[in-house]
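Undergrad: only the shape, not the letters, is given here:
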């Protein structure tokens with residue numbers, strides 16, 4: 001056996017009288033092999049070594065799907081990835097399927113009826129052969145030439161999202177304020193600054209999408225829900241800035257209904273993962289209002305305890321207890 005070059009550790013002479021007590025400290029101070037900084041990096045497979053599945057939900061997108069597929073193949077054929085393209089025809093009544101068939105390399109999956117973009121994305125994920133999935137829209141609004149940029153970042157993140165730098169959609173006067181409010185609420189509830197909550201261009205891991213499939217909705221809010229699910233589940237998400245173009249064809253945005261649906265999905269998704277974040281602030285606010293009101297009555301000389309204030313305090317305490325109980329249930333369910 002080869003002799004070791006490592007010298008034994010000796011205490012300084014002035015410490016030898018109490019060497020039994022001070023020996024551990026001598027080890028820490030004089031042994032260079034102890035207390036060294038260790039960097040632990042999670043080993044992730046490189047995106048270039050994984051098969052990529054690009055999923056495109058399409059409903060009555062005859063005008064835009066051809067141009068989108070053309071740009072997509074031009075981009076990916078020169079990128080260092082092995083890939084497939086899956087178009088999910090969501091019960092289209094126009095010539096969407098015929099346009100897709102002009103691209104023989106494309107895998108076409110069709111729904112017998114319109115089920116929603118979220119259901120189409122779930123179908124695409126289930127049919128995907130790749131470990132990594134990329135989704136984009138069929139209407140030409142997203143720059144498919146940026147897909148390699150997203151995939152490069154997947155070496156270090158669980159999801160990479162293209163954050164739109166401008167709003168090119170219809171009904172801006174209604175869309176922009178609604179999106180800002182919902183994005184601000186989602187950022188507060190997840191403790192993460194969210195540049196774009198419902199971008200339709202993103203790369204993610206198939207295994208994560210399948211893990212959340214039971215809570216992912218059938219409609220337009222699929223992308224927002226999976227974003228919130230990743231953030232609430234402490235997964236790594238990154239946004240990179242992208243351009244956003246006017247769509248080809250008619251917009252399917254419904255101002256009132258879609259805004260309401262997005263608001264409900266933010267609350268529902270965060271409640272699913274972190275109910276304390278919603279219920280506790282509500283309870284604390286109600287409790288504070290009841291106590292401040294009663295203290296104000298006392299301050300002005302009214303020493304009667306008002307029943308309305310008592311009800312507010314009790315209601316606030318009930319919300320807080322509900323938050324604690326819901327948090328306990330969620331934590332036990334994760335175990």
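TA: It's in. As the structure is a computational prediction, the values presented were derived from the model and not from experiment. Numbers count the residues shown, from 1 in each chain.
Undergrad: residues touching the residue nearest the centre of the chain, list them.
TA: The residue lying closest to the centre of the chain (C-alpha atoms, centre = their mean) is residue 227, at 2.3 Å. Residue 227 is in contact with 159, 161, 194, 197, 198, 202, 237, counting by C-beta atoms under 8 Å, 6 or more residues apart in numbering. Just so you know, the C-beta spots here come from the backbone N, C-alpha and C atoms, and that holds for glycine as well.
Undergrad: quick one: residue 267 from residue 258, how far?
TA: As judged by C-beta to C-beta, to the nearest Å, residue 267 and residue 258 stand 15 Å apart.
Undergrad: I meant residue 230, not that one.
TA: As judged by C-beta to C-beta, residue 230 and residue 258 stand 22 Å apart.
Undergrad: and if you look at residue 164?
TA: Between residue 164 and residue 258 the distance is 16 Å, computed by C-beta to C-beta.
Undergrad: residue 156 and residue 192, how far apart?
TA: Taken as C-beta to C-beta, the span from residue 156 to residue 192 is 17 Å.
Undergrad: what of residue 143?
TA: Per C-beta to C-beta, residue 143 is found 24 Å from residue 192.
Undergrad: how many residues are close by residue 93?
TA: 9 (other C-beta atoms under 10 Å).
Undergrad: give the buried residues for the lengthiest helix in the chain.
TA: Longest helix in the chain by number of residues (criterion: DSSP state H): helix 307-334. The neighbour-count check on helix 307-334 (16 or more other C-beta atoms under 10 Å) flags 309, 312, 313, 315, 316, 319, 320, 322, 323, 326, 327 as buried.
Undergrad: circling back to that earlier point, next helix or strand past whichever strand or helix holds the residue nearest to the centre of the chain?
TA: Applying DSSP states H and E as the criterion places residue 227 in helix 222-232. Downstream of helix 222-232, the first helix or strand assigned by DSSP H and E is strand 237-242.
Undergrad: angle of that next one against helix 222-232?
TA: With axes from the mean of the first three to the mean of the last three C-alpha atoms, to 10 degrees applied, the angle from strand 237-242 to helix 222-232 works out at 130 degrees.
Undergrad: packing partners for strand 237-242?
TA: In terms of contacts (3 or more C-beta pairs under 8 Å, 6 or more residues apart in numbering; DSSP states H and E), strand 237-242 is packed against helix 147-153, strand 159-164, helix 222-232.
Undergrad: how far away from the center of its chain is that strand?
TA: Counting by C-alpha atoms, centre = their mean, to the nearest Å, strand 237-242 is centred 11 Å from the centre of its parent chain.
Undergrad: could you list the buried residues of the next helix or strand after it?
TA: Per DSSP H and E, the first helix or strand lying C-terminal to strand 237-242 is helix 255-273. Using 16+ other C-beta under 10 Å as the test for burial, helix 255-273 gives 258, 259, 261, 262, 263, 265, 266, 269, 270, 271, 272, 273.
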